[in-house]
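Asks: structure for the following, please:
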Amino acid sequence: MTTQGLRTHHCGELRASDADSAVQLSGWVASHRDLGALVFIDLRDRYGITQLSFDEDTPRELLAAAQRLKAESVIHVKGTVRRRLEANAERATGEIEVLVQDLEVLGPAKTPPFEIDADRVSDELRLTYRYLDLRREAPSAALAMRHTVFLALRNGLDAQGFLEIETPILTKATPEGARDYLVPSRVHPGKVFALPQSPQIFKQILMVAGMDKYFQITRCFRDEDLRADRQPEFTQLDVEMSFVDEAAVQAVIDRAVSGAVEAVQPGRCPPTPFPSMTWTEAMERFGSDKPDLRFGVELADVSKLLSGCGFGVFEKAVEAGGRVRVLAAPGGAKLSRKEITGLEGVAKEYGAKGLAWAKVVESEDAASAGPVLSGGISKFLDPALQNALMEACGASVGDALFFGADSFRVSAAALSAVRLALGKKLELIDRSRFEFVWITEFPMFDQDEESGALTPAHHPFCMPLEAHEGQLAEDPAQTLARSYDLVLNGVELGSGSVRIHDAVMQRRVFEAIGLPDEEIEERFGFVIHAFEYGAPPHAGFAVGLDRLVMLLAGEDSIREVIAFPKTAQATCLMTGAPTEVPEEQLLEAGVKSAGQSAQGGELAGDQVTEVGS
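Replies: Below is the predicted model of the structure:
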């Protein structure tokens, strides 16, 4: 019960047992029904809605004041709780109403640009008037869920002996896989801070400092192209531990995440430990390093079966060292030609040249009863090969086969996208389930197909697998890392790894990605020097909390679970940010000098154009 200020109760609290009680409520006018001698108002706050009543015994001035109220005005009332003649079973407070004896308007409102309880409101309007949008039930509930998840994570990690330690927001630019947001320094003209893409270096240094078990719920910043699960600023749970291996870190995250799920979705979290598979297994079975395990439909490699089949597309792919893979879509035989063409478009978005297909039907030949392939490429495949293909992917009558023929990565990416599209179209996905899986032993580096240059697949502080340490100098592109991702329902929640804690090994990794000694020293010298003063073996992980809450709330975009998100163009419609600033501010910050354009520069290197762009 609220006992201070302008209310004794909130608007979701009163019940039939409170009948005849004198109460005070405050909130927003959610709806207003004027029946002449009777006025009914639904009063809303973030806890719920209570019906206010003004009847034939209400003083005339008070009734007139109630009749003048506009939607979304903030009011304070005093009154008496009474039972309603007809209860509203859909509302927690539906058995009662408050007969109002006094009314005060605390905050009058203009007519809102949209109805708060409207089913469809444009994203532009919602984000421009975000303070109105957050009064709606779904966004409000999402923020409440976010709070509960964060609290459960904090309490869970505290119970496991972790310390929450803050790390700097103004820091040094380091390669993390995306562009940095840069902050010019007024005190040091021509130099910049970077906003952290993650606290990676600082949490490793905390391990060197002997902190042993660190965590932080922290803000991170990445200047990258946005999509449904990306924002320029986001929140992650950051964890680091000393004297541990992969299994120990994963066990901590299993407990923390399952506790958070249980706090907001009781009984829906699968048992721990969460299952795991290597990156290679995930790519072979699902074509993706973030597989959605809520439905089956796995890829089968049929390269050997089709290497001499006579169908040119398949034969050329195998001869070029690529793969031919196939998946069987349950019930896919009912797909129309138009729908299959749409799936072909999905495959092409991921680099495929096309999408071969065939449907599984019952043979019309009485002499050879049983399933056969029909349509698509079936005419190029003899009966024996058709049977072998159906057996390879476990197909049966009513299914459809879809083939990808290309390089390892293209065939995987294209069929993985087709698999997900089929899962939605054919309603194969059980949306009531939460399915976690650990993906382990990622490639240590990504390699540019044209230049051959290597970049860290995660970041340059991952320890290589012990059996692969010797490959760093000889064949770094084939090196696997002691890295691991946690995936939920096909969405990557976060990444982690066993870290390098040896200065010599760290230099070897920097050299593998082509960094000269001078640049290593300039950009990472402080890390390497820290390792030279007794660094413990350590490992860690980071969970994308916006993505976790998004999935728990059943939303499709992290924007729905962030209080004040940016648009796809990284702008804030409510405040107008980013905005131009007065020239004197740019001069003071050292971004430009007198008579110079903002894109010119006092800043060093490539950072000049990025700050000015």
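Asks: switch to C-alpha atoms for all contacts and neighbour counts from now on
Replies: Fine.
Asks: list the contacts of residue 242.
Replies: By C-alpha atoms under 8 Å, 6 or more residues apart in numbering, the residues touching residue 242 are 207, 212, 213, 536, 537, 538, 539.
Asks: redo these as JSON lines? Include pLDDT.
Replies: Converted to JSON lines, the contacts of residue 242 look like this (pLDDT from 0 to 100):
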{"residue": "207", "pLDDT": "97"}
{"residue": "212", "pLDDT": "96"}
{"residue": "213", "pLDDT": "98"}
{"residue": "536", "pLDDT": "97"}
{"residue": "537", "pLDDT": "97"}
{"residue": "538", "pLDDT": "97"}
{"residue": "539", "pLDDT": "97"}
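Asks: from those residues, which land in helices?
Replies: Of these, the ones assigned to helices by DSSP state H are residue 207.
Asks: return the member of the contacts of residue 242 nearest to residue 277.
Replies: residue 539 (19.0 Å; C-alpha to C-alpha).
Asks: ok, the closest one - how many residues close by?
Replies: Neighbourhood size, residue 539 [other C-alpha atoms under 10 Å]: 28.
Asks: list the contacts of it.
Replies: Per C-alpha under 8 Å, 6+ apart, neighbours of residue 539: 240, 241, 242, 244, 245, 246, 249, 496, 497, 498, 499.
Asks: quick one on the thing from earlier: what would the contacts of residue 242 look like in JSON lines with distance to residue 430?
Replies: Listed next are the contacts of residue 242 as JSON lines, based on distance: C-alpha to C-alpha, whole Å:
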{"residue": "207", "distance to residue 430": "41"}
{"residue": "212", "distance to residue 430": "40"}
{"residue": "213", "distance to residue 430": "37"}
{"residue": "536", "distance to residue 430": "44"}
{"residue": "537", "distance to residue 430": "41"}
{"residue": "538", "distance to residue 430": "38"}
{"residue": "539", "distance to residue 430": "34"}
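Asks: residue 373: which of the contacts of residue 242 is nearest?
Replies: residue 539 (50.6 Å).
Asks: partner residues bridging the closest one?
Replies: Residue 539 forms beta bridges with residue 241, residue 498, as assigned by DSSP bridges.
Asks: could you check how far it is from residue 35?
Replies: 67 Å (C-alpha to C-alpha, to the nearest Å).
Asks: which parts of the stretch 451-600 of the chain are strands?
Replies: 454-456, 483-488, 491-498, 538-544 (DSSP state E, counting those that start in this stretch).
Asks: tabulate these in TSV, adding columns for distance to residue 29.
Replies: TSV is the format used below for the strands of the stretch 451-600 of the chain (distance: least, C-alpha to C-alpha, whole Å):
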stretch	distance to residue 29
strand 454-456	54
strand 483-488	40
strand 491-498	39
strand 538-544	36
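Asks: which of the three states applies to residue 273?
Replies: coil (DSSP: H, G, I helix; E, B strand; the rest coil).
Asks: that one - how many residues pack around it?
Replies: Using other C-alpha under 10 Å, the number of residues around residue 273 comes to 17.
Asks: same question for residue 387.
Replies: 16.
Asks: swap in residue 354?
Replies: Neighbour count for residue 354, taken as other C-alpha under 10 Å: 20.
Asks: show me the one of the strands of the stretch 451-600 of the chain that comes nearest residue 475.
Replies: Each of these was scored for nearness to residue 475 using C-alpha to C-alpha, and the closest is strand 454-456 (11.1 Å).
Asks: packing partners of the closest one?
Replies: Packing contacts for strand 454-456, counted by 3 or more C-alpha pairs under 8 Å, 6 or more residues apart in numbering; DSSP states H and E, involve strand 445-447.
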